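Enquirer: Requesting a structural model of the entry that follows:
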Amino acid sequence: MVQHNLAKVLNWVQEGEEVEVTRRHVVVAKIVSCQKEREDVQHPDFLGRARRIWGSQPKGMPLSAAVCRDREERA
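Expert: Residues are numbered from 1 along each chain as shown. As a prediction, this is how the structure comes out:
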């Protein structure tokens, strides 16, 4: 269990291991060293995609206000 062995898992990752985290025998996450990140990896341009869809100033309330409202409703 990762939560009980996090220090050990992080040591493995720091030494170059890739650790898959499973829940009910299904991989739900992979922990990898940030040192192994290659420059040729293409990361999605989420901000660019959002701007193409909604423009630079989307209508409605700011995301921060929506998050605050949602947190208040859950309290």
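
Enquirer: ok, and what's touching the longest helix along the chain?
Expert: In the chain, taking DSSP state H as the definition, the longest helix is helix 63-74. For helix 63-74, the external contacting residues (Cβ atoms under 8 Å, 6 or more residues apart in numbering) are residue 61. Just so you know, the C-beta spots here come from the backbone N, C-alpha and C atoms, and that holds for glycine as well.

Enquirer: Repeat the analysis, applying 6 Å as the threshold.
Expert: Taking contacts as Cβ atoms under 6 Å, 6 or more residues apart in numbering, no residue outside helix 63-74 touches it.

Enquirer: My guess is residue 18 contacts residue 32. True?
Expert: Yes: contact status for residue 18 versus residue 32: in contact at 4.9 Å, counting by Cβ atoms under 6 Å.

Enquirer: overlap in contacts of those two?
Expert: Counting by Cβ under 6 Å, 6+ apart, nothing touches both residue 18 and residue 32.

Enquirer: Return the residue of this protein that is most distant from the centre.
Expert: Distance from the C-alpha centroid of the chain, by Cα atoms, centre = their mean, peaks at residue 59 (26.0 Å).

Enquirer: Return the distance of the most centrally placed residue in the chain relative to residue 17.
Expert: Residue closest to the average C-alpha location in the chain (Cα atoms, centre = their mean): residue 29, at 9.7 Å. Using Cβ to Cβ, to the nearest Å, one gets 14 Å for the distance from residue 29 to residue 17.
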